[in-house]
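**Student:** got a structure for you, letters missing:
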């Protein structure tokens with residue numbers, strides 16, 4: 001494993017997962033719910049920024065590695081899955097949305113791995129639809145973690161709408177990837 005700045009940032013993102021999850025399970029005598037909300041949201045947002053930053057630094061410093069290419073999406077999926085489980089537990093999002101998003105991530109990861117094994121990984125490269133889905137969920141999650149209103153903005157309502165949009169885009173993008181892979185799946189059977 002190459003120890004470089006991008007990989008260190010990815011490991012830090014993984015370390016931040018139990019931190020933002022654990023915040024919500026502290027006794028309220030230690031930390032009030034509003035303080036839990038802002039602290040967890042800050043940690044999650046910082047982790048999301050490191051996701052962008054590690055990719056940017058890997059490319060600009062020419063520090064890309066096979067290990068980093070493997071670990072980065074794993075860290076992303078762990079971070080999103082942990083946040084969704086917490087949000088379901090706090091009754092801040094629908095369990096069906098979480099199931100759809102986590103299920104899609106597992107399915108598409110397995111599909112990409114299989115396509116790489118048969119030399120067709122470019123057939124299921126990240127699509128624009130997948131990127132829009134990621135943006136919707138990465139904006140929705142901090143809003144739902146924060147949960148409280150910011151002035152006239154109802155974070156819970158806006159986050160819930162964005163999570164619904166993310167769930168719909170998740171189904172559409174999974175369908176898109178499966179449709180691209182179907183001819184290869186048929187050829188290999």
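**Tutor:** In hand now; what should we look at? Everything numeric in this text was worked out from a predicted model, so none of it was measured.
**Student:** what helix or strand does the residue most central in space within the chain sit in?
**Tutor:** The centre of the chain sits closest to residue 80, judged by CA atoms, centre = their mean, with a distance of 3.6 Å. Element membership of residue 80, judged by DSSP states H and E, is helix 66-89.
**Student:** quick one on the thing from earlier: may I ask you to confirm that the residue nearest to the centre of the chain is in contact with residue 98?
**Tutor:** No - if you go by CB atoms under 8 Å, residue 80 and residue 98 don't touch, sitting 9.4 Å apart. The way it works is simple: take the backbone N, C-alpha and C, and place the C-beta from them, glycine included.
**Student:** follow-up on the earlier one: I'd like the mean pLDDT over the helix or strand that comes right after the helix holding residue 80, please.
**Tutor:** Downstream of helix 66-89, the next assigned helix or strand under DSSP H and E is helix 95-117. Helix 95-117 shows a mean pLDDT of 91.
**Student:** Which pLDDT value goes with the nearest residue to residue 146 once chain neighbours are set aside?
**Tutor:** Nearest residue to residue 146, sequence neighbours excluded (CB to CB, 6 or more residues apart in numbering): residue 41, at 4.3 Å. What the model reports for residue 41 is a pLDDT of 97.
**Student:** residues in contact with the helix holding residue 80?
**Tutor:** Applying CB atoms under 8 Å, 6 or more residues apart in numbering, the contact partners of helix 66-89 are 1-2, 4, 6-7, 10-11, 13-14, 16-17, 20-21, 24, 40, 44, 47-48, 51, 54-55, 58, 93-95, 97-98, 101-102, 105, 109, 137-138, 141, 144-145.
**Student:** Can you flag which of those residues belong to helices?
**Tutor:** 6-7, 10-11, 13-14, 16-17, 20-21, 40, 44, 47-48, 51, 54-55, 58, 95, 97-98, 101-102, 105, 109, 137-138, 141, 144-145 (DSSP state H).
**Student:** Out of those residues, which end up buried?
**Tutor:** With neighbours counted by 16 or more other CB atoms under 10 Å, those contain buried members at 6-7, 10-11, 13, 16-17, 20-21, 40, 44, 47-48, 51, 54-55, 58, 97-98, 101-102, 105, 137-138, 141, 144-145.
**Student:** In this structure, spot the helix with the most residues.
**Tutor:** Every helix in the chain considered (DSSP H), the longest is helix 155-188.
**Student:** so what does that one touch, helix or strand wise?
**Tutor:** helix 95-117, helix 128-146 (3 or more CB pairs under 8 Å, 6 or more residues apart in numbering; DSSP states H and E).
**Student:** on that earlier part again, let me know the average pLDDT across the helix holding residue 80.
**Tutor:** 92.
**Student:** got the domain boundaries for the protein?
**Tutor:** Per automatic domain parsing, the domain ranges recorded for the chain read 1-91, 94-189.
**Student:** Brilliant, that's me finished.
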